[in-house]
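**Q** With the sequence up front, the predicted model follows.
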Amino acid sequence: MKLYRANDYKEMSRKAANIISSLVIMKPDCVLGLATGSTPIGTYQELVRRYENGDLDFSQVCSANLDEYKGLTKDNEQSYFYFMYNNLFKHVNIKLENTNIPNGMEPNAQEECLRYERVIESLNGVDLQLLGLGHNGHIGFNEPAEAFETITHCVDLTASTIEANKRFFEKEEDVPRQAYTMGIGTIMKAKKILLIVSGEDKADILYRSLRGPVTPHVPASILQLHNDVIVVADEAALSRMPE
Ligand code: F6R
C-alpha cells in the first residue's frame with residue numbers, strides 16, 4: 001500500500017487526478033471505477049481542467065460506478081448518474097454509452113446485480129477503482145456487517161449513512177433506504193485502487209481502516225489485503241496516523 005500525504009483537500013484532489021491522468025495517458029482505453037460523494041468532486045474538477053487544457057482524452061475510456069440509489073431516476077438531482085453527469089461526464093469527451101452505473105430504476109435486484117457484474121466482466125474488469133471512505137468505514141455502499149458481501153448487491157442503508165446523506169436531500173424521508181452497490185469482492189478485483197480521504201472527521205476511521213484488524217465491521221479494512229492500493233489523504237485525515 002502506498003500512502004501519499006497532501007496538505008489539504010486541494011492538494012489531495014490534484015494528486016489523485018495526477019494518478020488517474022497517468023493511467024488515461026498510458027492506457028487510453030482504460031476502465032475507470034468511479035465514486036460519488038463530496039470527496040471526489042475536486043478530483044473530477046482537476047480532470048476536467050486537464051481535459052480542457054488538451055492534456056487528457058476520454059474518448060476511449062470506459063467507466064463503471066460503484067453504486068446507485070434504488071428507486072431514483074437518472075434525472076433525479078440526487079441520483080448518482082446525475083452527479084456523475086454534472087461533475088464529470090458532461091465536461092469531458094467520455095462517450096455516455098461507455099459509462100456504466102447500476103440502474104436504480106430496475107426493481108428486480110437480483111437481475112440488476114447480475115447484469116452489472118456481467119457488464120464489469122465484459123469490460124475485462126476495472127483498471128483503477130476510485131474510492132471515498134464512509135465515516136463507518138463503508139466503501140461503495142458496503143456497510144459494516146458480519147461478513148463481507150462479495151458481488152454487486154442491493155443494500156439497506158444504515159441509519160448513519162442515511163444521516164450522513166440527508167444533507168443532500170430536502171427531508172430525511174426523501175433519502176432512499178436502499179441502494180445497489182458493487183460488492184467487496186467486485187471492488188477487490190480492480191487492478192488498482194485509489195482511496196481518497198479528506199478531513200479530520202475521517203481521521204479515526206482512516207486509521208482503523210489502514211492499521212486496524214481486517215474485519216467486515218470496518219469494510220475498508222479489506223483494502224489491506226489488496227496488492228495495489230494507493231491512498232491519497234490530507235493532513236487532517238492523517239492526523240491519527242504516525243508519520
Ligand atoms: C460514493 C460511495 C460512498 C462514498 C462515502 C464517502 O459512490 O460509494 O462510499 O465514497 O460515503 O462519501 P463522502 O466523500 O461524501 O464523504
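**A** Ah, there it is. Quantities reported herein were computed from a predicted structural model and do not represent experimental measurements.
**Q** which bits of this structure sit near the ligand?
**A** Taking C-beta under 6 Å from any ligand atom as the contact definition, the chain meets the ligand at 35-39, 66-67, 132-134, 138-141. Bear in mind the C-beta positions are built from the backbone N, C-alpha and C, glycine included.
**Q** got the contact list for the residue nearest the centre of the chain?
**A** With distances taken as C-alpha atoms, centre = their mean, the residue of the chain nearest its centroid is Ala35 (2.7 Å). When contacts are counted by C-beta atoms under 8 Å, 6 or more residues apart in numbering, Ala35 is found next to Asn65, Leu66, Leu130, Leu131, Gly132, Gly140.
**Q** Confidence-wise, which helix or strand of this protein is lowest on average?
**A** Of all helical and strand segments in the chain, the minimum by mean pLDDT, DSSP states H and E falls on helix 159-165, at a mean of 83.
**Q** and after it, which helix or strand comes next?
**A** Using DSSP states H and E, the helix or strand that follows helix 159-165 in sequence is strand 178-181.
**Q** show me the biggest helix of this protein in terms of residues.
**A** Longest helix in the chain by number of residues, with DSSP state H as the criterion: helix 9-26.
**Q** what's the distance between the next helix or strand after it and the middle of its chain?
**A** Downstream of helix 9-26, the next assigned helix or strand under DSSP H and E is strand 31-34. Centroid separation between strand 31-34 and its chain, computed with C-alpha atoms, centre = their mean, to the nearest Å, is 9 Å.
**Q** same check, this time on stretch 27-41
**A** With C-alpha atoms, centre = their mean, you get 7 Å for stretch 27-41.
**Q** May I see the buried residues of that stretch?
**A** Within stretch 27-41, the residues that count as buried by 16 or more other C-beta atoms under 10 Å are Cys30, Val31, Leu32, Gly33, Leu34, Ala35, Thr36, Gly37, Thr39, Pro40.
**Q** who's in contact with the first one?
**A** Listed by C-beta under 8 Å, 6+ apart, the contact partners of Cys30 are Leu23, Val24, Val61, Cys62, Asp127, Leu128.
**Q** From the ligand, how far out is it?
**A** Look at Cys30 and the ligand: by C-beta to the nearest ligand atom, to the nearest Å, they are 19 Å apart.
**Q** Excluding sequence neighbours, find me the nearest residue to that residue.
**A** Asp127 (4.4 Å; C-beta to C-beta, 6 or more residues apart in numbering).
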